[in-house]
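*Asks:* Show me how the following folds:
(3 chains)
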Amino acid sequence: MDDQTRMMTGLTGLGGLAQADVGDPDSVRKQQSLGQPQQDIGDILQQIMAITDESLDEAQARKHALNCHRMKPALFSVLCEIKEKTVLSIRGVQEEDPPDPQIMRLDNMLLAEGVSGPEKGGGSAAAAAAAAAAGGSPTDSSIEHSDYRAKLAQIRQIYHSELEKYEQACSEFTNHVMNLLREQSRTRPISPKEIERMVAIIHRKFSSIQMQLKQSTCEAVMILRSRFLDARRKRRNFNKQATEVLNEYFYSHLSNPYPSEEAKEELAKKCGITVSQVSNWFGNKRIRYKKNIGKFQEEANLYAVKTAVDAANVSAQASQANSPATCCTFYSCFVFFNYMFYM
DNA sequence: AGGCATGATTGGAC
DNA sequence: GTCCAATCATGCCT
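*Replies:* Alright, predicted model coming up:
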């Protein structure tokens, strides 16, 4: 007997029960033993429709009678088996879907930003890096840093409280549906496997809602981060001493104003700025000097004299011979290099 | 407010 | 990767 035939037989049997024989096992036996013709499917549908016209008490009584019927367990298991084969087997395999790559991306990002996972000052590395790149004073960067962390903590808090709400709602709803299905399983064929499947469906639905929450949280973090990183554009002029150190190096190496990596590191250390800021400064300085040597002449002379005096002092300390001629020699050399290099 | 100074960024060449 | 050149964006001075 194929599934379809068995199902029809099952329905026919129930149809017979629904019509008149519920509560009267003998009648069923009589029908079966006498081999009465199967009722038309139209009759069965009519009977089902007629149930809606019944009063609640009548329906309850019928339900009770049905539950007590001796054929019920057998019919129930047949229907479960048919459902298992026709419906669950079709969907079963495909529903084992792999983890969504988008959710994985969102999870990774939230973890990296310190929104999900253990709280350990997430994003502070980014904040520190941005603060360093901004080249602001330690006070400024620490203010911005703490502001960033406070806002991130706020996002984190909202995210976790919403997540908790979703999880609670999901668990409540799952329990509710499970209870409902268990209750219904007394009157219609619902196998435990089907209940499990329903739970999985609910979890998937809630997980898609969770994804929206994760997406919004990621967006909020990105906005916060971009705002924070935009602070880089809030240019701060280097302090006077730093500019002086850089200019001294520039004008004393005018013949080749390209500091080595080591020299850049040394200058960065002296000036309290980053190596890339030193590189930027020299890049800007070279191009601006080259474009308008005349404008920088006075500055160049000033630093040349300063360098010369410093060198002379060092020399004097060494040889006790501090002659003005030394200054003149250094200055001459400077002017010579200056014009040779850039003219 | 406007103009200049200056640090940062970007795109192309090497 | 560095460097140059152009450009942007902001700071600062008048």
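
*Asks:* How about the backbone phi and psi for A:Arg70?
*Replies:* The phi/psi pair for A:Arg70 (degrees, to the nearest 10) reads phi -70, psi -20.

*Asks:* I meant A:Lys264, not that one.
*Replies:* Main-chain torsions, A:Lys264, degrees, to the nearest 10: phi -60, psi -40.

*Asks:* Count the neighbours of it for me.
*Replies:* A:Lys264: 20 surrounding residues under other C-beta atoms under 10 Å. No exception for glycine: its C-beta is placed from N, CA and C like everyone else's.

*Asks:* Could you verify my assumption that it touches A:Asn280?
*Replies:* No. A:Lys264 is beyond contact range of A:Asn280, at 10.7 Å (criterion: C-beta atoms under 8 Å).

*Asks:* contact partners of whichever strand or helix holds A:Asn284?
*Replies:* Here A:Asn284 sits within helix A:275-291, counting by DSSP states H and E. Here helix A:275-291 makes contact (C-beta atoms under 8 Å, 6 or more residues apart in numbering) with A:133, A:135, A:238, A:246-247, A:250, A:257-259, A:261, A:264-265, A:267-268, A:271, A:273, A:296, A:342.

*Asks:* does any part of that helix sit near DNA strand C?
*Replies:* Yes. Residues of helix A:275-291 are located near DNA strand C by C-beta under 7 Å from any atom of the strand, namely A:279, A:282-284, A:286-287, A:290.

*Asks:* Tell me the buried residues within those.
*Replies:* A:Phe282 (16 or more other C-beta atoms under 10 Å).

*Asks:* now for the residues of helix A:275-291 next to DNA strand C, which pair is the farthest apart?
*Replies:* Pairwise distances across the residues of helix A:275-291 next to DNA strand C peak at 16.6 Å for A:Ser279 and A:Lys290 (criterion: C-beta to C-beta).

*Asks:* Tell me the residues of the stretch 151-300 of chain A that contact DNA strand C?
*Replies:* Contact residues (C-beta under 7 Å from any atom of the strand) of the stretch 151-300 of chain A with DNA strand C: A:233-237, A:258, A:261, A:279, A:282-284, A:286-287, A:290.

*Asks:* Next SSE downstream of the helix or strand containing A:His64?
*Replies:* A:His64 is part of helix A:56-68, with elements assigned from DSSP H and E. The helix or strand immediately downstream of helix A:56-68 is helix A:72-83, counting by DSSP H and E.

*Asks:* Can you point out the buried residues in that following helix?
*Replies:* Here helix A:72-83 shows A:72, A:75-76, A:78-83 as buried, counting by 16+ other C-beta under 10 Å.

*Asks:* Okay, angle between that helix and helix A:56-68 too, please.
*Replies:* Orientation check (axes from the mean of the first three to the mean of the last three C-alpha atoms, to 10 degrees): helix A:72-83 against helix A:56-68 gives 90 degrees.

*Asks:* Show me what helix A:72-83 is packed against.
*Replies:* Here helix A:72-83 touches helix A:3-16, going by 3 or more C-beta pairs under 8 Å, 6 or more residues apart in numbering; DSSP states H and E.

*Asks:* one step back: give me the next element, helix or strand, following the helix holding A:Asn284.
*Replies:* In the C-terminal direction, the helix or strand that comes right after helix A:275-291 (DSSP H and E) is helix A:293-319.

*Asks:* which of the residues in that following helix are buried?
*Replies:* Residues A:296, A:300, A:303-304, A:307-308, A:312 are the ones in helix A:293-319 that count as buried (16+ other C-beta under 10 Å).

*Asks:* tell me which of the residues you listed is nearest to DNA strand C?
*Replies:* Taking C-beta to the nearest atom of the strand as the measure, DNA strand C lies nearest A:Phe296 of the buried residues of helix A:293-319, at 14.3 Å.

*Asks:* Pass me the low-pLDDT residue ranges in chain A, would you?
*Replies:* Within chain A, the stretches with pLDDT under 70 are A:1-41, A:44-45, A:48, A:51, A:66, A:87-98, A:118-149, A:223-234, A:318-343.

*Asks:* Next, A:Leu254: secondary structure please.
*Replies:* coil (DSSP: H, G, I helix; E, B strand; the rest coil).

*Asks:* Next, count neighbours for A:Glu164.
*Replies:* 10.

*Asks:* What helices and strands are in contact with whatever helix or strand it lives in?
*Replies:* Taking DSSP H and E as the criterion, A:Glu164 maps to helix A:138-184. Applying 3+ C-beta pairs under 8 Å, 6+ apart, we find helix A:138-184 packed against helix A:124-134, helix A:192-229.

*Asks:* Thank you, goodbye.
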